[in-house]
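In: Only the shape, not the letters, is given here:
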């Protein structure tokens, strides 16, 4: 009966405002956000538990202790996990929160580049896709609003 029972974007609106790529991308973005959250939690735990997982960086302008990075990743991961689950349930609030969290994650991954360059670049690319997919989607509720 209600379109909110479908994952965000699983069905395009009757006005055709969403392409198949955008509608499928929203579901994929939700899955990526959940995975991103779980991996960030694990990344945070690894940084908090021991400093041996990541290499210490000498003089870096944006230097934060590895324990500090661990807490940042852990908190951001929990928030991303919750927002990703909300996106998959079709909650409109979750899309906006997820866009904000992906943008914050993108900035933090940029700052984390010296500690884990390859992983940070991969996560930046995922964050860009998540932002694009969630920002491109227009729900049927917003397209009929006046």
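Out: Now that the structure is in, tell me what you want to look at. Because the structure is a prediction, the values reported are computed rather than measured.
In: Can you name every helix or strand that the longest helix along the chain contacts?
Out: Scanning the chain for the longest helix, with DSSP state H as the assignment, gives helix 20-49. If contacts are counted by 3 or more Cβ pairs under 8 Å, 6 or more residues apart in numbering; DSSP states H and E, helix 20-49 sits against helix 66-89, helix 92-111, helix 117-136. Every residue, glycine included, has its C-beta placed from N, CA and C.
In: Of all those helices, which one is nearest residue 57?
Out: The minimum distance between residue 57 and the helices and strands packed on helix 20-49 falls on helix 66-89, with 9.4 Å, by Cβ to Cβ.
In: picking that back up, mean pLDDT lowest where, among the helices and strands packed on helix 20-49?
Out: Lowest mean pLDDT of the helices and strands packed on helix 20-49: helix 117-136, a mean of 89.
In: on that earlier part again, only the buried residues of the longest helix of the chain, if you could.
Out: Within helix 20-49, the residues scored as buried using 16 or more other Cβ atoms under 10 Å are 22-27, 29-30, 32-34, 36-37, 39-41, 43-44, 46-48.
In: Direction-wise, compare it with helix 66-89 and give the angle.
Out: Here the directions of helix 20-49 and helix 66-89 differ by 150 degrees (axes from the mean of the first three to the mean of the last three Cα atoms, to 10 degrees).
In: tally of neighbours for residue 89?
Out: Residues lying near residue 89 (other Cβ atoms under 10 Å) number 14.
In: so how far is residue 136 from it?
Out: According to Cβ to Cβ, to the nearest Å, residue 89 and residue 136 sit 19 Å apart.
In: tell me the phi and psi of the nearest residue to residue 55 once chain neighbours are set aside?
Out: Once flanking residues are discounted, residue 55 sits nearest to residue 115: 6.6 Å by Cβ to Cβ, 6 or more residues apart in numbering. In terms of degrees, to the nearest 10, the main-chain angles of residue 115 are phi -80, psi -40.
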